[in-house]
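Student: Everything below, folded, please.
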Amino acid sequence: MADIFGQGDYAIRFDWGPNGAHQLRADVSVVVDVLSFSTAVTIAVERGMDVYPFPWNDLRAAEFAAAHDATLAVGRLESTKPGSVVAPSLSPAGLLTCRFEPRIVLPSPNGSSIAASLLESGSRVAVGCLRNARAVANWLRVHLDEGRSVAVIAAGERWVSDGSLRPALEDQLGAGAILSTLRSLGCGESMSPESVCAATLFDAIENELTDTLQGCVGGRELIGNGFQADVAVAAELNSSAVVPMLADGAFRSAR
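Tutor: I've put the predicted structure just below:
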């Protein structure tokens, strides 16, 4: 029997957060952070930008951006201040309309940290979301056909009180959309029970996807802060054919 906690008896695996990503140790891994990181990366890469993830949003991020001749993305709230320039930000909706930058640094303590740890483990790393769920599933199918194991990681959020993982429904649904598509492609027998359940949950609410994203904790938080457009953009299922893959420090479109 393969490692139980790593779901090693199955080629297709699902888990949560940095610890789950480390435990699965798959050949190919997809990080899913629907209302911020992975949707923002997908939109930027679709526009032709190279996206350098960075795990800290402080002075180190500015230094990292300067070292890579890249533009540092600003926070959502910072991008809405009076007189602010329409610059790349952590807002997925904002990235659709901001000025084009060939290279941007996207600080993300959660998504970036998971991607970095996966890359260090030797896994091929991509990001997925609702917008590119079908494209990611088709890309993963190729890897499965070549004998590789794949893991889909729901990033989740962090509780402010102690920094522990807070499972986020939007990320489970994003992962479930990818896994549901893999199942429809005939990969069901290779899926762990965790993967099957994530796919089944997505199938159950697909027709109410937008309402569910707006009503869940993460969606309500963004809408309450004036970012309802980000929720709407994140809910656009299969609107993108881009699969951002991490190589040489940046996310670019997989070929």
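Student: The stretch 151-255 of the chain: helices as residue ranges?
Tutor: For the stretch 151-255 of the chain, the helices defined by DSSP state H, counting those that start in this stretch cover 169-182, 193-205, 209-215, 217-224, 228-234.
Student: actually the stretch 1-150 of the chain, not the one I wrote
Tutor: In the stretch 1-150 of the chain, helices defined by DSSP H, counting those that start in this stretch lie at 17-24, 37-46, 59-67, 76-79, 92-97, 111-120, 133-145, listed in chain order.
Student: okay, these, which one's buried deepest?
Tutor: Ranked by mean neighbour count under mean count of other C-beta atoms under 10 Å, these are led by helix 37-46, which reaches a mean of 28. Backbone N, C-alpha and C define where each C-beta goes, glycine included.
Student: Pull the number of nearby residues for residue 205.
Tutor: One way to gauge burial is a neighbour count; for residue 205, by other C-beta atoms under 10 Å, it gives 14.
Student: which residues touch it?
Tutor: 173, 212 (C-beta atoms under 8 Å, 6 or more residues apart in numbering).
Student: Now do residue 95 against residue 71, distance only.
Tutor: Distance of residue 95 to residue 71, computed by C-beta to C-beta, to the nearest Å: 12 Å.
Student: which residues are in contact with both of those two?
Tutor: Counting by C-beta under 8 Å, 6+ apart, the residues touching both residue 95 and residue 71 are residue 88.
Student: related to what we said a few turns ago, so which of the helices of the stretch 151-255 of the chain is nearest residue 42?
Tutor: Residue 42 lies closest, by C-beta to C-beta, to one member of the helices of the stretch 151-255 of the chain: helix 228-234, at 9.7 Å.
Student: Hmm, residue 169 is touching residue 216, no?
Tutor: Yes. With contacts defined as C-beta atoms under 8 Å, residue 169 counts as touching residue 216 at a distance of 4.4 Å.
Student: Report the mean per-residue pLDDT for stretch 24-35.
Tutor: Predicted confidence along stretch 24-35 averages 96 (mean pLDDT).
Student: Tell me how far that stretch lies from the chain's centre.
Tutor: Between the mean C-alpha point of stretch 24-35 and the mean C-alpha point of its chain there is a distance of 8 Å (C-alpha atoms, centre = their mean, to the nearest Å).
Student: Start and end of that stretch, how far apart?
Tutor: The separation between the terminal residues of stretch 24-35, taken as C-alpha to C-alpha, to the nearest Å, is 24 Å.
Student: Next: stretch 122-140.
Tutor: From its first residue to its last, stretch 122-140 covers 17 Å (C-alpha to C-alpha).
Student: what's the answer for stretch 20-37, then?
Tutor: Per C-alpha to C-alpha, stretch 20-37 runs 18 Å from first to last residue.
Student: Counting neighbours, what do you get for residue 208?
Tutor: For residue 208, the number of neighbouring residues by other C-beta under 10 Å comes to 10.
Student: Actually, residue 193.
Tutor: The tally of other residues near residue 193 (other C-beta under 10 Å) stands at 10.
Student: how much space between it and residue 19?
Tutor: Residue 193 sits 19 Å away from residue 19, going by C-beta to C-beta.
Student: quick one: low-confidence ranges for the protein?
Tutor: Where the chain drops to pLDDT under 70, the residues are 1-2, 77-87.
Student: Please repeat the previous calculation with a cut-off of 80.
Tutor: Per-residue confidence of the chain (counting by pLDDT under 80) places the weak regions at 1-2, 75-87, 255.
Student: quick one: stretch 28-48 to chain centroid distance?
Tutor: Remark: stretch 28-48 is offset 5 Å from the chain centroid, using C-alpha atoms, centre = their mean.
Student: if we can go back for a sec, out of the helices of the stretch 1-150 of the chain, nearest to residue 162?
Tutor: Distances from residue 162 to each of the helices of the stretch 1-150 of the chain were compared by C-beta to C-beta, and the smallest falls on helix 17-24, at 13.9 Å.
Student: What count of nearby residues applies to the closest residue to residue 140 other than its chain neighbours?
Tutor: Leaving aside its chain neighbours, residue 140 sits nearest to residue 150 (4.9 Å; criterion: C-beta to C-beta, 6 or more residues apart in numbering). Counted with other C-beta under 10 Å, the neighbours of residue 150 add up to 32.
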